[in-house]
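Asks: From the sequence below, what's the structure:
(one chain, ligands or ions: 1)
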Amino acid sequence: MLQPLRCFTCGAPLGHLWKPFMDRVSAGEDPEKVLDELGVKRYCCRRMLFTAVTYIDKVALFDSPRTRELRVKLYSVPSKGVGGEI
Ligand SMILES: [Zn+2]
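Replies: You can find the predicted model right below:
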């Protein structure tokens, strides 16, 4: 759901590599080359970045009135989701 923060297998921190990896791959670069250049050598860590699917943005559209109320209260962020009313 969220981007990987650490490798599940070896525990290496990966959160700082997510955005550069996704930006470059989205721009059309080869994922293998990008991982090599970012210094991700172990295949367990490569798997984490290469196979992660983030869908928090889609799930967040369908929040409940209670979670919306808490989000506004805690973070002062109003809901802008299209599916906000449940
Ligand atoms: Zn790893």
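Asks: and the chain, which residues reach the ion?
Replies: 7, 9-10, 12, 42, 44-45 (Cβ under 5 Å from the ion). Every residue, glycine included, has its C-beta placed from N, CA and C.
Asks: Mind checking which of the residues you listed land in helices?
Replies: Counted as lying in helices by DSSP state H, out of the residues of the chain next to the ion, are 44-45.
Asks: Neighbour-wise, give me the winner out of the residues of the chain next to the ion.
Replies: Most neighbours among the residues of the chain next to the ion, by other Cβ atoms under 10 Å: Cys45, with 24 neighbours.
Asks: list the contacts for the closest residue to that one other than its chain neighbours?
Replies: Distances taken as Cβ to Cβ, 6 or more residues apart in numbering place Cys7 nearest to Cys45, at 4.5 Å, with adjacent residues excluded. Each residue near Cys7 by Cβ atoms under 8 Å, 6 or more residues apart in numbering is listed here: 14, 42, 44-45, 48.
Asks: Only C-alpha atoms, please: export the helix or strand of the chain with the lowest mean pLDDT in CSV.
Replies: When the helices and strands of the chain are scored by mean pLDDT, DSSP states H and E, helix 56-59 comes last with a mean of 77. C-alpha atoms of helix 56-59 as CSV (Å, rounded to 0.1, in the frame of the first residue of the first chain):
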residue,chain,number,x,y,z
ILE,A,56,-2.7,4.5,-0.8
ASP,A,57,-3.9,7.4,-3.0
LYS,A,58,-6.7,5.3,-4.3
VAL,A,59,-7.7,4.0,-0.9
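Asks: Based on its surroundings, how many neighbours for Leu35?
Replies: 20.
Asks: Kind regards, and thank you for your time.
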